[in-house]
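[1] Sequence and predicted structure are below.
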Amino acid sequence: MATADFLLGSTYNFHSNEGPSLNLQAQYVSLRDEVRQVIDRVFESQHFVLGAHGRALETAIADYSQTKHAIGCASGSDALLLALMALDIGRGDEVITTPFTFFATGAAIARLGAKPVFVDSDPHSYNIDATKIQSAITSHTKAILPVHLYGQCADMDPLLEISRSSGIPIIEDAAQAIGAEDRGRRAGSMGLVGTLVFIQRRISVALATVEC
Ligand SMILES: Cc1ncc(COP(=O)(O)O)c(C=O)c1O
């Protein structure tokens, strides 16, 4: 159960009608040549889905995130769904998670007919409060799904202890926390499976939060 795998969501733009929510031009200028070369290589190969580029990304993400494997998916929502499906979670099952997250976390659970059981968040980190998990466990609990919000990992040691003693697996929603760490362990590498997403705002928010 200590072996974490990664399910990767897709990249997409985040713009409102008023314009980009974040100006990433300065960062792009410093990486422009490298980025353009890679884009050229992808277009020349015409391998837009899976293939060598997809595999290279999966390997790089697995290395970076200290996991054995990484698997590319269409979106973070799909990654969550696949993780839950891999654990055979469905109607009548319960998944303990946090209410303070993007709606996709609870939606993936509900989409399979399972019940999201919301445990309140810790007032300091805004991540799931580990002290409230034990009393939420029932005979129907099939997974615990913490979210590493804004680039800050949930306090994983107490969660891992609960998982170890109860046998209930942990799925980490690391959509907002690629590269974030809890005591040297990368987000998504601590539970049975982790999901992450690339989106400019999330990665930037993550970095800003980690630097604080
Ligand atoms: C915590 C969290 N989980 C899951 C998702 C779902 O990712 P996607 O929008 O790629 O489906 C998001 C997206 O913002 C998220 O912030």
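    Here it is on my side, so go on. Residues are numbered from 1 along each chain as shown.

[2] For the rest of this, base every contact and every neighbour count on C-alpha atoms.
    Fine.

[3] now the helices: where do they sit in the chain?
    Taking DSSP state H, the helices of the chain run over residues 25-45, 51-64, 76-86, 104-111, 156-166, 200-211.

[4] residues touching Asp98, list them.
    Heads up, residue 98 is Thr, not Asp. Contact criterion CA atoms under 8 Å, 6 or more residues apart in numbering gives Val117, Phe118, Val119, Asp120, Ser121, Asn127, Ile128, Leu145, Pro146, Val147 as the residues in contact with Thr98.

[5] Of those, which pair is most distant in space?
    The span of the contacts of Thr98, defined through CA to CA, is set by Val117 and Asn127 at 14.8 Å.

[6] Which of these two has more residues huddled nearby?
    Asn127 (25 against 21; other CA atoms under 10 Å).

[7] Distance check, the more buried one against the ligand.
    Asn127 sits 11 Å away from the ligand when distances are taken as CA to the nearest ligand atom, to the nearest Å.

[8] Now the residue minimising distance to the centre of the chain. Nearest residue, chain neighbours left out?
    Nearest to the mean C-alpha position of the chain, by CA atoms, centre = their mean, lies Ala174 at 2.4 Å. In this structure, Ala174 finds its nearest non-sequential neighbour in Leu196, 4.7 Å apart by CA to CA, 6 or more residues apart in numbering.

[9] Show me what from this protein comes close to the ligand.
    Neighbours of the ligand within the chain, by CA under 6 Å from any ligand atom: 9-10, 75-77, 101-102, 104-105, 147, 173, 175-176, 197.

[10] about what we covered before: with the contacts of Thr98 in mind, which one is nearest to the ligand?
    Nearest to the ligand among these is Val147, at 6.0 Å by CA to the nearest ligand atom.

[11] burial count for the closest one?
    Counted with other CA under 10 Å, the burial measure for Val147 works out to 31 neighbours.

[12] swap in Asp88?
    For Asp88, the number of neighbouring residues by other CA under 10 Å comes to 12.

[13] what's it in contact with, if anything?
    With contact taken as CA under 8 Å, 6+ apart, Asp88 is in contact with no other residue.

[14] now the protein, which segments are flagged as low pLDDT?
    When residues are selected by pLDDT under 70, those of the chain lie in 1-22, 199-212.

[15] now the farthest one out in this protein, which residue is it?
    Each residue of the chain has a distance to the centre, and by CA atoms, centre = their mean the biggest one is for Glu44: 30.9 Å.

[16] List the contacts of it.
    By CA under 8 Å, 6+ apart, the contact set of Glu44 is empty.

[17] so how far is His53 from it?
    With distances taken as CA to CA, to the nearest Å, Glu44 is found 12 Å from His53.

[18] and if you look at Gly90?
    When CA to CA is the yardstick, Gly90 and His53 sit 34 Å from each other.

[19] And Ile171, by the same measure?
    26 Å.

[20] Tell me the buried residues in stretch 56-64?
    Of the residues in stretch 56-64, Leu57, Glu58, Thr59, Ile61, Ala62 count as buried by neighbour count, 16 or more other CA atoms under 10 Å.

[21] Make JSON lines out of those and add distance to Ala110.
    Conversion of the buried residues of stretch 56-64 to JSON lines gives the following (distance: CA to CA, whole Å):
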{"residue": "Leu57", "distance to Ala110": "30"}
{"residue": "Glu58", "distance to Ala110": "28"}
{"residue": "Thr59", "distance to Ala110": "31"}
{"residue": "Ile61", "distance to Ala110": "28"}
{"residue": "Ala62", "distance to Ala110": "28"}
